[in-house]
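[1] Quick one, fold the following:
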Amino acid sequence: QVQLVESGGGLVQTGGSLRLSCAASGRIDSSYTMAWFRQVSGKEREFVAGISWLDFTAYYADSVKGRFTTSRDNAKNTVYLQMNSLKPDDTAVYYCAAAWHGRPTNKSPGGYNYWGQGTQVTVSA
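    From the prediction side, this is the model:
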């Protein structure tokens, strides 16, 4: 069993930055790929970024490429999402997810075994 807890969401103005954290506990190890998704009420959950737990390879949705960076600290079992140049369209609930033996390029929510509770990010115009 794996537990994921996100933090770091909040309200920020257009052009601002936020850093989200995802603390993982339980049976988490290098077999898990980690990812970030986001969801706006009434819409499907959208892939944002994925990172391999083993070799640090990261992948991004086109909509965030060049603005968002995901990284991880194995010693702390924590994954981060640094979000810069935020836009109102980035407003959503952001979720951390884990996939056992998954691929960081997997953009389907169904491919992930564990999810955090989500953290709200609101970008004002």
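[2] Now do the contacts for the residue in the chain sticking out farthest from the centre.
    For the chain, the largest distance from the centre (C-alpha atoms, centre = their mean) belongs to A125, which lies 22.8 Å off. Shown in contact with A125 (C-beta atoms under 8 Å, 6 or more residues apart in numbering): 14, 88. Backbone N, C-alpha and C define where each C-beta goes, glycine included.
[3] What pLDDT does the model give it?
    A125 carries a pLDDT value of 91.
[4] ok, it to D90 distance?
    12 Å (C-beta to C-beta, to the nearest Å).
[5] dump the residue contacts of A97.
    Taking C-beta under 8 Å, 6+ apart as the criterion, A97 is in contact with 4, 34-37, 109, 112, 114-116.
[6] On the strand side of things, show who the spatially most central residue of the chain bridges to.
    Centroid check for the chain by C-alpha atoms, centre = their mean gives W36 as the closest residue, at 2.1 Å. Residues in a beta bridge with W36, per DSSP bridges, are A49, C96.
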